[in-house]
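Peer 1: Sharing a sequence plus its predicted fold:
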Amino acid sequence: MEAALVVLVVALALGFDYTNGFHDAANAIATSVSTRALTPRVALLMAAVMNFVGALLGTEVAETIAHSIVDLDSQSNHTVLVVVLCALIGAIVWNLITWWFGLPSSSTHSLIGGLVGAGLAGGLLVYWGNVYEKVVLPMVISPVVGFGLAFLVMVAVLWIWRNAAPARTTRRFRHAQTVSAAAMALGHGLQDAQKTMGVIYMALLTVGWADRDAGIPLWVKLGAAAAISLGTYSGGWRIMRTLGRRIIELDPARGFVAESVSAAVLYVNAFALHAPVSTTHTITSAIMGVGATRRLSAVRWGVAKNIAVAWVLTIPAAALVAALATWALTPLLS
């Protein structure tokens with residue numbers, strides 16, 4: 001039974017990774033597509049490739065997911081596997097709900113919410129201190145930093161190029177967006193694919209199919225990278241429209257700044273802080289920041305409010321679905 005559960009967890013984790021890819025494809029390319037710096041298919045292909053590369057660049061975030069959210073040693077292997085399985089169910093369900101309504105919610109926080117909810121329902125110890133330090137604080141700080149930094153950088157860009165010819169400047173920033181979109185896609189792979197690696201690694205450790213000292217197996221890295229890349233290439237047009245056009249109409253300069261700032265925030269959190277931050281929160285707040293340099297009323301705050309509500313609901317909603325799944329499936333899988 002345990003071997004079957006591990007196989008099911010791995011399959012569901014890769015399925016979550018796929019939904020993460022098409023749910024969050026907009027994070028990397030919505031601004032480039034909306035400013036016509038890239039065509040949709042070229043942008044998706046570029047994002048898929050960079051997602052794959054980014055997923056192989058580190059494992060620090062995966063280690064955080066595997067070891068810092070719930071205690072794996074307090075329950076039986078069977079209980080832990082059921083909890084991980086139900087955590088994935090909670091995350092996938094919330095991803096699909098927000099995708100259907102075109103809301104750019106966080107796949108990161110849906111997975112963490114799923115782990116917390118399933119962990120509580122399954123009797124596992126939740127490391128609340130780590131959740132607060134590595135999840136809640138970055139969830140609050142990263143959007144604020146993204147908004148503020150994007151606003152300041154955009155003001156600097158406007159001042160530096162204040163006397164430049166508009167047509168030439170627009171063309172140059174449109175070319176530059178190819179680089180910034182690639183950097184954003186790399187950061188998305190670096191952050192989000194690692195969460196799936198962490199969940200699979202957690203399941204493998206439980207039954208002794210992985211060595212804690214050896215780290216995450218190569219096949220897990222490649223599988224997670226491939227799944228998120230395939231998901232990214234399949235698109236995510238509903239959310240792409242929300243990010244690219246419904247918050248504010250972007251020009252190439254603002255798109256370049258939003259993507260560059262977001263990528264920088266993702267890299268700092270992945271390599272320096274080892275914190276699983278949301279690419280969705282980061283790029284959305286950066287888009288708002290560059291938009292606010294026109295005037296505050298240029299940002300469609302009603303749309304921003306709906307997005308913020310989805311952000312707040314993500315962890316508790318995914319936790320609730322995961323907890324219900326745990327209570328329902330535990331008797332069936334025992």
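Peer 2: Thanks, I have the structure now.
Peer 1: Can you pull out the low-pLDDT segments for the stretch 151-300 of the chain?
Peer 2: The model of the stretch 151-300 of the chain has pLDDT under 70 over residues 235-249, 296-300.
Peer 1: hang on, A156 in a helix?
Peer 2: Yes: counting by DSSP: H, G, I helix; E, B strand; the rest coil, A156 is located in a helix.
Peer 1: number of nearby residues for it?
Peer 2: 11 (other Cβ atoms under 10 Å). (Each C-beta comes from the backbone N, C-alpha and C, glycine too.)
Peer 1: any idea how far it lies from A62?
Peer 2: Look at A156 and A62: by Cβ to Cβ, to the nearest Å, they are 35 Å apart.
Peer 1: Repeat that for Y18.
Peer 2: Separation of Y18 from A62 (Cβ to Cβ): 17 Å.
Peer 1: between those two, who's got more neighbours?
Peer 2: More crowded of Y18 and A62, by other Cβ under 10 Å: A62, with 27 against 21.
Peer 1: So for whatever helix or strand that one lives in, what gets flagged as buried?
Peer 2: Using DSSP states H and E, A62 sits within helix 60-68. Buried residues in helix 60-68, counted by 16 or more other Cβ atoms under 10 Å: E60, V61, A62, E63, T64, I65, A66, H67, S68.
Peer 1: what residues are up against the fourth one?
Peer 2: Contact criterion Cβ atoms under 8 Å, 6 or more residues apart in numbering gives G198, I216, H274 as the residues in contact with E63.
Peer 1: Most neighbours of all those residues, which one?
Peer 2: G198 (26 neighbours).
Peer 1: Test my guess that that one contacts V61.
Peer 2: Yes: with contact defined as Cβ atoms under 8 Å, G198 reaches V61; the gap is 7.2 Å.
Peer 1: This structure: helices as residue ranges?
Peer 2: Here the chain has its helices, by DSSP state H, at 2-34, 40-55, 60-68, 77-100, 107-121, 128-131, 137-160, 166-188, 194-206, 218-233, 237-241, 252-267, 279-291, 301-333.
Peer 1: export these to TSV and tack on distance to R212?
Peer 2: Below are the helices of the chain laid out as TSV (distance: least, Cβ to Cβ, whole Å):
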stretch	distance to R212
helix 2-34	16
helix 40-55	21
helix 60-68	9
helix 77-100	14
helix 107-121	18
helix 128-131	18
helix 137-160	25
helix 166-188	27
helix 194-206	6
helix 218-233	14
helix 237-241	36
helix 252-267	27
helix 279-291	28
helix 301-333	25
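Peer 1: burial count for V93?
Peer 2: Neighbours of V93 using other Cβ under 10 Å come to 20.
Peer 1: can you pull the contacts of it?
Peer 2: A318, V321.
Peer 1: Please report the distance of it from S107.
Peer 2: 12 Å.
Peer 1: Reformat the contacts of E63 as a markdown table; add distance to M50.
Peer 2: Converted to a markdown table, those look like this (distance: Cβ to Cβ, whole Å):
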| residue | distance to M50 |
| --- | --- |
| G198 | 21 |
| I216 | 20 |
| H274 | 21 |
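Peer 1: okay, now S262: neighbour count?
Peer 2: When counting by other Cβ under 10 Å, one arrives at 32 neighbours for S262.
Peer 1: show me the contacts for it.
Peer 2: S262 neighbours (Cβ under 8 Å, 6+ apart): N27, G146, A150, M184, G187, T279, T282, I283, A286.
Peer 1: Now do the same for N306: its pLDDT.
Peer 2: pLDDT for N306: 67.
Peer 1: now L88
Peer 2: 94.
Peer 1: Look up how far L333 lies from the nearest residue to it once chain neighbours are set aside.
Peer 2: Nearest non-adjacent residue to L88, counting by Cβ to Cβ, 6 or more residues apart in numbering: L12, 4.5 Å away. When distance is defined by Cβ to Cβ, L12 is 13 Å away from L333.
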